[in-house]
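# Make a model of this:
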Amino acid sequence: MAISKTLLASLLISFFVLCFAELFDTMMITNIVENSLTDEKIDCDGACDLRCKLSSRPNLCKRACGTCCARCNCVPPGTSGNYDVCPCYRDMTTHGGRHKCP
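Residues are numbered from 1 along each chain as shown. Purely as a prediction, here's the structure:
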């Protein structure tokens, strides 16, 4: 009986910790997006330098990133992926239907 109470308590605590972690992650993403939607312009050159630092074609990457940043005022963190942080950046495509933004 004592083991089942301990197990139930552990599961309940784990559930609350996971819910809190997911809520915190959602709040962080919302905060990043809201900050990107403000009137303040971000430093596109600096953000694109970070985004394109591992690219095999850094000049092309920076040019495309700069265009996307100027239009969206947002660059996802990291060197690739994380497109959910910047929906405008994620949804921009070329005439051929491919992703425009690196």
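
# Report the secondary structure state of the nearest residue to Cys72 once chain neighbours are set aside.
Using C-beta to C-beta, 6 or more residues apart in numbering and skipping the chain neighbours, the partner closest in space to Cys72 is Cys88 (3.7 Å). Quick note: C-beta positions are derived from backbone N, CA and C, even for glycine. Three-state call for Cys88 (DSSP: H, G, I helix; E, B strand; the rest coil): helix.

# What about Cys88, how many residues nearby?
Per other C-beta atoms under 10 Å, the neighbour tally for Cys88 reads 16.

# OK, contacts around it?
Contact partners of Cys88, counting by C-beta atoms under 8 Å, 6 or more residues apart in numbering, are Cys68, Arg71, Cys72, Cys74.

# Can you name the element that comes right after the worst-scoring helix or strand of the chain on mean pLDDT?
Least confident helix or strand, the chain: helix 2-36 with a mean of 69, by mean pLDDT, DSSP states H and E. Once helix 2-36 ends, the next helix or strand along the chain (criterion: DSSP states H and E) is helix 44-51.
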